[in-house]
Each structure stands twice: as C-alpha cells, then as structure tokens.
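Peer 1: Structure, please.
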Amino acid sequence: MIIVADTSPVNYPVLIGAIDILKELFGRVIIPQAVLGELQHEKTPTEVKAWIDACPNWLEVRQAGLSLLTPQRELGDGEREVIALAVALNADAVLMDDRDGTKEAHRNNITVFGTFALLDKAAERAFLDFPAVLARLAQTTFRFPLLQSWQRCLRGTKRKQAKQD
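Peer 2: Just a heads-up that it's a prediction; the model follows:
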C-alpha cells in the first residue's frame, strides 16, 4: 500500500502521542520534501520537530515532480507536493486535512483520509482509545466540526453525571 501524507495528519498524531497508528495502519508512509520542511519549521511544536529529527524507518521522504500536476485550486506547497507525489506513485491514498487539497486529490481520483478518520480507523482496530485520543486532540489547535460537536456532547454528559451525583 502506498500512502503519501501531508503535514497535519503527521503533526497531530505526534502531539497526542498516537503517531504509531500510521505505522500500524499502513506500514510505510511517504512525505514530500515540502512536508518535511513544514514539520521542521521554526513555528512547529518542539515535540513534532524532535520526532521528525529522529525520523522513524517507516517514514520515507521523497522529492515530488510537480510537472504531473496542474491544480485547479490554490494549494500550499505541502498539499501540491503530496498530490503530485501521489499521482506519480499511483498512491492508494493521501493523508490530508486541507479542504482545497482534499478536493484537488478527489479531482485526481485519489482517496483521502483526514486526521479524524485516521483516529477513527485506528480505534476500530483497537490501536487506541478513541475518547481519550479525542480529548487530547481537543487540547491542540486541531479544528474539525465533528470534534467540536463531540466536545459539547461530552461536556453535557459530564454535567448530567455531576447532577446525578
């Protein structure tokens, strides 16, 4: 299976201590040079930079040839290189949260999994405790409407339990 990842589906699992799910789910993950650069950027969280500096053997960095891609949307360098690399490698899927990047990947007939879907898939296979991981994810800058709905639901459940006690 060939999987190409954008920055956020690597960044957030590192931040919540669940990065090993990528290895468990896919065996090997490829990132383009632009994503490597984003993971090493000065504003990247320290734990993410430390993780990428000690790059595990299941993560492979490759150069993307952008000549194979003519995007119809304005994309960041990471998204553009992820899609170009996925096209060049005939990848099975890309890992990406960016909305425009996801639309562009779909336009190129590429399957996309976002961070939230990865966590859900890992939970289905009992690789992690979904509620605990979502609670940790909620403490990051990750924004996803379903996560926010889950947080509201969880707060409501906690209030009901407190009233019953």
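Peer 1: Just to be sure, I31 is in a strand?
Peer 2: Yes - assessed by DSSP: H, G, I helix; E, B strand; the rest coil, I31 belongs to a strand.
Peer 1: And for it, the neighbour number?
Peer 2: Using other CB atoms under 10 Å, I31 is surrounded by 29 other residues. For glycine as for every other residue, the C-beta is placed from the backbone atoms N, C-alpha and C.
Peer 1: contacting residues around it?
Peer 2: Counting by CB atoms under 8 Å, 6 or more residues apart in numbering, I31 touches V4, A5, D6, V10, L39, L59, E60, V61, R62, V82.
Peer 1: go on, E60?
Peer 2: R28, V29, I30, I31.
Peer 1: tell me which of the residues you listed is nearest to F113?
Peer 2: Lowest distance from F113 to the contacts of E60 (CB to CB) belongs to V29, with 11.1 Å.
Peer 1: is it true that that closest one touches V61?
Peer 2: No - with contact defined as CB atoms under 8 Å, V29 and V61 do not form a contacting pair (10.3 Å).
Peer 1: So the two - more neighbours on which side?
Peer 2: Legend: neighbour count by other CB under 10 Å for V29 and V61, higher for V29 (20 against 13).
Peer 1: For that one, give the beta-bridge partners.
Peer 2: Bridge pairing for V29 (DSSP bridges) gives the partners L59.
Peer 1: okay, and for this structure, where does confidence drop off?
Peer 2: By pLDDT under 70, the low-scoring segments of the chain are 66-73, 144-165.
Peer 1: which residue ranges form the helices in it?
Peer 2: Listed in chain order, the helices of the chain (DSSP state H) span 8-15, 20-26, 33-39, 46-53, 77-89, 99-107, 115-124, 130-137, 145-164.
Peer 1: got the buried residues for the fourth one?
Peer 2: Neighbour counts using 16 or more other CB atoms under 10 Å place V48, K49, W51, I52 of helix 46-53 among the buried residues.
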